[in-house]
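Here's my sequence, what's the structure:
(2 chains)
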Amino acid sequence: MPKLKAEEIIAAVEEKFGGRVKSKKLDAIDPFFVIEPGDLIEVCTFLRDDSRLRFEMLNSISGVDYFEPDPKKAPKAGFEPHTEVVYHLSSITHHHRAVFKLILPRWKDNKPGELPDVPSVSSLWKTANWHEREVFDLSGINFVGHPDLTRILLSDDWVGHPLRKDYEFPLEYHGIRGR
Amino acid sequence: MATATTHPDPTIVEFDVRTDEMLVNMGPQHPSTHGVLRLVLRTDGEIISEVTPHLGYLHRCAEKIGENVTPIQFIPYTDRMDYLAGMNMNLAYSMAVEKLCAMKVPEKAQVIRVIIAEMNRIASHLLGMGAYGLDLGTFSPFLYAFREREMILDLFEEVCGARLTYSYITIGGAHDDLPDGWCDRCQKFLDYLYPRIPEYHALLTTNHIFVQRTANLGIMTKEQALSYGCTGPVLRGSLDRSKGDVAWDLRKIEPYSGYENYNFKAIVPPFDPPFDKLPPGAVLGDAWHRFTVRMLEVVEAIEITKQALTKYRQLKADGDKVLADHEAKKASLSADEKKKADAAVAEQMKSKYSHRIEPPRHLPAGEAYMETEAPRGQMGFYIVGRFTKDPVPLRVRARSSCFCNLSVTSEVCAGCLIADIPAIVGSMDFVMGEVDR
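Here you go, the predicted model:
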């Protein structure tokens, strides 16, 4: 089976899901497409099981927070505040890679502190189990349907999600002074 | 508590041993967990029913630091991820930044990177071998491995002044050129190491006691390995060449840094002679296979380094010749021609014969994900640049190979004995610095 180019992979997904692919960027270094969180499981199942694609391996899930905490710099930042979850996949069978994203509001229903929801793909790839825990822990994304969504790198009683740009460093943790 | 029960035959007394499920904490200070890993074992007697790894004891917020410092400033932090293969971590991060900035690294710098990365792979695998021996209760391989590793560290010290946290490979190439005579010393070391590999095989790989401890233990299928995102020797130990599995080594599949120009094999079972005949009990995907893949990779790394050294010598000689020719010609040229010739030579040096090119001051907007084959698997970095002209990235994400390799332990270890835990966990050969970042 041939190795597909990133454009061909995106075309295959578009052919199957049509307008549910919200946007795509073909001139990026790693071309990617954007889908809605509600379609995530369906798209991932297709990416994993379609004979042309066969993405057996989920390399990485990353949370990226697009936010400029400095109000002076914010208008020039070049983006509206939002959070992205980026999935990097690769196929052992066909040796190709794919990147896709979910674009989410920073907070669910714009209520600060309410984490945005994303369905968990840990039933499709077991890698996702720990990666989603890490993204939850550090970037503050709530993965719905995850078997055990607890903090993985930070301690269980930690407050906040450090990779959020508006995260405030704690001054004290169990009697240890921070600054 | 044991209570005697009656048996039809009065000469036999049967004991009904009632055992309770017990939670046992292994680590974070246990010597065989290779750092600060804490495993909570649910045991019934000696049999383990569940293993829960707890991480984070070595978390140093590398990703948060990454989005507050410039890429060059972040290089020393990558050393501290997989501190046994610092050069490979530097390489992975540098290549991700270069991908984002669309930089083309000069050929000589690429060759230096290959030499250094493969030497570090040898050092890392040697330490992995020695430490695995320690886990299984044999001390001598550790000493032999350290004797050899020490020589590599001496070579690295000559190159960059550091013995553990190198920060040598940097964005745009390598920090400095290799010192005079280094190639000869490196060659001498490789000639010294190569005949010693059979000794390691005699000490461990084919040693009856070692085989008894590792064969048929911690078996991981290919499907499990892929689903858990395992890479590197851990994945390759579960692949089968005879069934048409591709040798999943990024140096072969997606060659970077000029790896396509080297003649080497990616190690996938079944192994070539003399290891084509498996020791008794060994099955595909067990701890023995993972260990042997690593040992055979050392030989391939020696091969690659030797070829790279030849390339380096050639490039250095060519580069020196270009400079010397230019110097000799310069006197006879007019001022205008001289300027042109200077620029031409500078361009040639930049594209081919220099060890480093200057990275751009600002990161472009956009994002890049780059994976390289580190000794422990695919080390990936995902970098997002800012839209404003800013030297600091918006996000740095490290995709750690050991993080994925470790997540499979809870499935592989279920049902084994407590004493087998160090043997399985050791065969994954992870470094907690990389897991926790």
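
Tell me how far the residue in chain A that chain B sits nearest to lies from residue B:387.
Closest residue of chain A to chain B, C-beta to the nearest C-beta: residue A:78 (2.7 Å). C-beta: built from backbone N, CA, C; applies to glycine. Using C-beta to C-beta, to the nearest Å, we find residue A:78 at a distance of 3 Å from residue B:387.

More neighbours: which of the two?
residue B:387 (15 against 11; other C-beta atoms under 10 Å in any protein chain shown).

Now do the same for that one: helix, strand or coil?
coil (DSSP: H, G, I helix; E, B strand; the rest coil).

now do residue B:103
Assignment for residue B:103 (three-state DSSP): coil.

which residues does it contact?
With contact taken as C-beta atoms under 8 Å, 6 or more residues apart in numbering or on different chains, residue B:103 is in contact with B:97, B:171-172, B:357, B:359-360.

The stretch 151-300 of chain B against chain A: which residues are in contact?
B:224, B:226-229, B:246, B:248, B:253-254 (C-beta under 8 Å from any C-beta of the partner chain).

who's in contact with stretch A:16-24?
Counting by C-beta under 8 Å, 6+ apart, A:10, A:13-14, A:31-36, A:39, A:42-43, A:46, A:50, A:103 sit against stretch A:16-24.

Buried residues in it, which are they?
A:21, A:24 (16 or more other C-beta atoms under 10 Å in any protein chain shown).

Could you export that stretch as CSV, CA atoms only?
Provided in CSV are the C-alpha atoms of stretch A:16-24 (Å, rounded to 0.1, in the frame of the first residue of the first chain):
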residue,chain,number,x,y,z
LYS,A,16,-15.8,10.6,4.2
PHE,A,17,-17.0,13.3,6.5
GLY,A,18,-17.6,16.2,4.1
GLY,A,19,-18.5,19.4,5.8
ARG,A,20,-17.7,18.0,9.3
VAL,A,21,-14.0,18.9,8.6
LYS,A,22,-14.2,22.5,9.8
SER,A,23,-11.0,23.8,8.2
LYS,A,24,-7.7,22.7,6.9
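
can you give me the strands for the stretch 151-300 of chain B?
Secondary structure of the stretch 151-300 of chain B (DSSP state E, counting those that start in this stretch): strands at B:169-170, B:173-174.

Sheet partners, orientation included, of the first one?
For strand B:169-170, the pairing partners within the sheet under DSSP bridges are strand B:173-174 (antiparallel).

Quick one: mean pLDDT for the strand it pairs with?
The average pLDDT within strand B:173-174 is 88.

returning to that earlier point: common neighbours of residue A:78 and residue B:387, please.
Joint contacts of residue A:78 and residue B:387 (C-beta under 8 Å, 6+ apart) are residue B:365.

mind listing what's buried in stretch B:359-379?
Quick answer for stretch B:359-379 (16+ other C-beta under 10 Å): B:359, B:363, B:365-379.

how much space between the closest residue to chain A within the stretch 251-400 of chain B and residue B:365?
Nearest residue of the stretch 251-400 of chain B to chain A, counting by C-beta to the nearest C-beta: residue B:387, 2.7 Å away. Note on residue B:387: its distance to residue B:365, by C-beta to C-beta, is 5 Å.

cool, residue B:297 as well?
For residue B:297, the distance to residue B:365 - C-beta to C-beta - is 39 Å.

Identify the residue nearest residue A:32 in space, chain neighbours excluded?
Distances taken as C-beta to C-beta, 6 or more residues apart in numbering or on different chains put residue A:99 closest to residue A:32, at 4.0 Å, once the chain neighbours are dropped.

for chain B, what are the nearby residues on chain A?
Residues of chain A lying close to chain B (C-beta under 8 Å from any C-beta) are A:28-30, A:56-60, A:62, A:64-66, A:73, A:76-79, A:86, A:88, A:92, A:95, A:99, A:125-127, A:129-130, A:134, A:138, A:151-155, A:162-163.

6 Å - rerun?
A:29-30, A:56-58, A:60, A:62, A:64, A:76, A:78, A:88, A:92, A:95, A:125-127, A:130, A:153, A:162 (C-beta under 6 Å from any C-beta of the partner chain).

Please flag which of these sit within strands.
A:57-58, A:60, A:62, A:64, A:88 (DSSP state E).

Where does the stretch 101-250 of chain B get nearest to chain A, which residue?
For the stretch 101-250 of chain B, C-beta to the nearest C-beta, closest residue to chain A: residue B:229, 3.4 Å.

Nearest spatial neighbour of residue B:419, chain-adjacent residues omitted?
Going by C-beta to C-beta, 6+ apart, residue B:419 has residue B:46 as its nearest residue, at 7.5 Å.

Residue B:264 contacts residue B:300, correct?
Yes. Applying C-beta atoms under 6 Å, one finds residue B:264 in contact with residue B:300, separated by 4.8 Å.

quick one on the thing from earlier: residues touching the residue of chain A closest to chain B, list them.
residue B:387 (C-beta atoms under 6 Å, 6 or more residues apart in numbering or on different chains).

So what's the residue count around residue 38?
No chain in the question, so chain A it is. Neighbours of residue A:38 (other C-beta under 10 Å): 12.

meant chain B, my bad for not saying
Neighbour tally, residue B:38, other C-beta under 10 Å: 17.

wouldn't it be in contact with residue B:28 here?
Yes. Residue B:38 is within contact range of residue B:28, at 4.3 Å (criterion: C-beta under 6 Å).

For the closest residue to residue A:77 other than its chain neighbours, which three-state class applies?
Leaving aside its sequence neighbours, residue A:77 sits nearest to residue A:68 (C-beta to C-beta, 6+ apart; 4.1 Å). Classification of residue A:68 using three-state DSSP returns coil.

how close does residue A:68 get to residue A:170?
With C-beta to C-beta as the criterion, residue A:68 and residue A:170 are 22 Å apart.

Next: residue B:142.
Counting by C-beta to C-beta, the gap from residue B:142 to residue A:170 is 41 Å.

ok so, going back, and which of the contacts of stretch A:16-24 is nearest residue B:242?
When the contacts of stretch A:16-24 are compared for distance to residue B:242 (C-beta to C-beta), residue A:50 wins out at 27.4 Å.

Can you give me the neighbour number for the residue nearest to that closest one when sequence neighbours are not counted?
Leaving aside its chain neighbours, residue A:50 sits nearest to residue A:12 (7.1 Å; criterion: C-beta to C-beta, 6+ apart). Look at residue A:12: counted by other C-beta under 10 Å, it has 17 neighbours.

Counting neighbours, which bits of the helix or strand residue A:12 falls within end up buried?
Taking DSSP states H and E as the criterion, residue A:12 maps to helix A:6-17. Using 16+ other C-beta under 10 Å as the burial criterion, the residues of helix A:6-17 that qualify are A:6, A:9-13.

With stretch B:67-85 instead?
Residues of stretch B:67-85 classed as buried: B:67, B:69-71, B:74-85 (neighbour count, 16+ other C-beta under 10 Å).
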